[in-house]
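Just need the structure, nothing else, for what follows:
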Amino acid sequence: MRFSTRAIHAGDELENRTGTVVVPIYQVSTFKQSQPDTGAGYVYSRTANPTRTALESCLASLEEADHALAFASGMAAITTLLLSLLNQGDHILAVEDLYGGTRRVFTRVMQNFGVESTYFDGTNLRDYEARFKPRTKIVWVETPTNPLLQIVDIAGVAKVAHSHNALVVVDNTFMSPYLQHPLRLGADIVVHSTTKYLGGHSDLIGGAVMLSDSKLYEKVQFAQNAAGAVPGPMDCWLVLRGIKTLAVRLERHCSNAKKVAEFLAGHVKVSRVIYPGLTSHPQHDLARKQMDDFGGMVSFHLKGGLHSWQELLKHLKVFTPAESLGGVESLIEHPSSMTHASVPKEERDRIGVTDSLIRVSVGIEDAEDLIADLSTALEHV
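Model (predicted):
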């Protein structure tokens, strides 16, 4: 089956006792055991729950993986994955333009367990070789990166990493399984914040890990159960519901984002627009090759910096100033004071996450209304 069909039906086949059209919410903590201690069936919802099983089956199908594990948040997925696969003395090689929460876990949590991290501009494949260490176990990639929307060559990185016996983990949140296929390109593991495009309605928190290596899956599954950072049945059900419209939503997100990016690119108050779908993006050709479309995220540099951002906020009516992304509504944020505030200022400035940078999650409203809202607000900057 093709993607849109799987998005609607994958996982539903697990519920065949009552004939429900959609998987029910199994809002239970424990299950009757007809034969205790056999390990068969459902026992306790931290370990497994039928609604979560349906979600994990659907997620695996969408990412073309053999296995998927659902978590209580994207950060729960990332942290559990790291604790499952890394030991004291191991090393992570990561792109430097990285979600602030991910970098915080690397530097302030994993570092306490003796795990070292190195950050660098991961867009040039020639830069990888020299940065590997004898105990580099994971190469961590976001593409497009957050918030500068740089594109990392997944296939190229996988080739280099595998020559050093390192795993490649791709955070595919910005693209979703509909627009980018990391496992197909050679990645070993994919992570998602299901809070974002998969859920799609800003009404849940969740995360996921998808992979095909059964031994790695068993390690992460053990930690999922042991640590217990799992989503409740209601959140699993909400992600399943959101996934059913993922394809049609992403098509509108992409269409609107391109129009917004083109508008901003021609505005006198904007010094630079970053969107992979614009030919001005330095990695536009790689984006075309690696992605099925260019996504719903747009970043731009606003002339005047922090003061201009504060003035812009006063006049926006449709765009909501808020962290997160991927919902049906359009959000706008200031990375240096919001999503990336935990990154030291000197590091933010070095990377390019300066006070002038604005990140937009373009929703599925009428594109003309979005452009009019930005136009009116920019007049007052």
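
Could you count how many residues lie near R46?
Neighbour count of R46, defined by other Cβ atoms under 10 Å: 16. Every C-beta, even on glycine, is put in place using the N, C-alpha and C of the backbone.

which residues touch it?
Contacts for R46 (Cβ atoms under 8 Å, 6 or more residues apart in numbering) come out as 225, 228, 230.

How confident is the prediction for it, by pLDDT?
What the model reports for R46 is a pLDDT of 97.

Check the spacing between it and P344 real quick.
37 Å (Cβ to Cβ, to the nearest Å).

V23 now?
44 Å.

Those two: which has the busier surroundings?
Higher neighbour count among V23 and P344: V23, with 24 against 11, using other Cβ under 10 Å.

Assign a three-state SS to the more buried one, would you?
Per DSSP: H, G, I helix; E, B strand; the rest coil, the secondary structure class of V23 is coil.

Just give the nearest non-adjacent residue to it, would you?
Nearest residue to V23, sequence neighbours excluded (Cβ to Cβ, 6 or more residues apart in numbering): A54, at 4.2 Å.

Okay, and that neighbour sits in which element?
helix 50-62 (DSSP states H and E).

what helices or strands is that helix leaning on?
When contacts are defined as 3 or more Cβ pairs under 8 Å, 6 or more residues apart in numbering; DSSP states H and E, helix 50-62 packs onto helix 3-9, strand 67-71, helix 176-179, strand 207-211, helix 233-243.

which residue ranges form the helices in the stretch 101-250 of the chain?
All helices of the stretch 101-250 of the chain, identified by DSSP state H, counting those that start in this stretch, fall at 154-163, 176-179, 214-227, 233-243, 246-265.

what comes up buried for the next helix or strand after the longest one?
Moving toward the C-terminus from helix 246-265, the first helix or strand encountered (DSSP H and E) is strand 270-274. Using 16 or more other Cβ atoms under 10 Å as the burial criterion, the residues of strand 270-274 that qualify are 270, 273-274.

Buried residues of the helix or strand following strand 270-274, list them for me.
Sequence order places helix 284-290 as the next helix or strand after strand 270-274, per DSSP H and E. Residues of helix 284-290 classed as buried by neighbour count (16+ other Cβ under 10 Å): 284, 286-287, 290.

Quick check: of these, which lies closest to L83?
Among those, Q290 lies closest to L83 (Cβ to Cβ), at 29.7 Å.

you'd agree H267 is up against L378?
Yes. Contact status for H267 versus L378: in contact at 6.0 Å, counting by Cβ atoms under 8 Å.

sorry, back to before: to S361, which of the helices of the stretch 101-250 of the chain lies closest?
helix 246-265 (8.5 Å).

R2: how many residues sit nearby?
Neighbour tally, R2, other Cβ under 10 Å: 7.

From V239, how far off is it?
20 Å.

Leaving out the residues flanking it, which one is nearest to A265?
In this structure, A265 finds its nearest non-sequential neighbour in V273, 4.4 Å apart by Cβ to Cβ, 6+ apart.

Sketch out the low-pLDDT regions of this protein for me.
Scanning the chain for pLDDT under 70 picks out the ranges 15-17, 36-40.

Break it into its domains for me.
3-243, 247-379 (automatic domain parsing).

I'd like the distance from the last one to the chain centre, please.
Think domain 247-379. Relative to its chain's centre, domain 247-379 lies at 16 Å (Cα atoms, centre = their mean, to the nearest Å).

Give me the residue at the spatial middle of this structure.
T173 (1.9 Å; Cα atoms, centre = their mean).

burial count for the residue nearest to V169 when sequence neighbours are not counted?
The shortest distance from V169 to any non-neighbouring residue, by Cβ to Cβ, 6+ apart, is to I189 (4.6 Å). The local packing of I189 (other Cβ under 10 Å) involves 25 other residues.

and I189, what does it touch?
81, 167-170, 209-211, 216.

got it, and R135?
R135 neighbours (Cβ under 8 Å, 6+ apart): 89-91.

before we move on, the earlier item: pretty sure the residue nearest to A265 contacts S280?
Yes. Using Cβ under 8 Å, V273 makes contact with S280 at a distance of 7.3 Å.

between those two, what contacts are shared?
Listed as contacting both V273 and S280 by Cβ under 8 Å, 6+ apart are A265.
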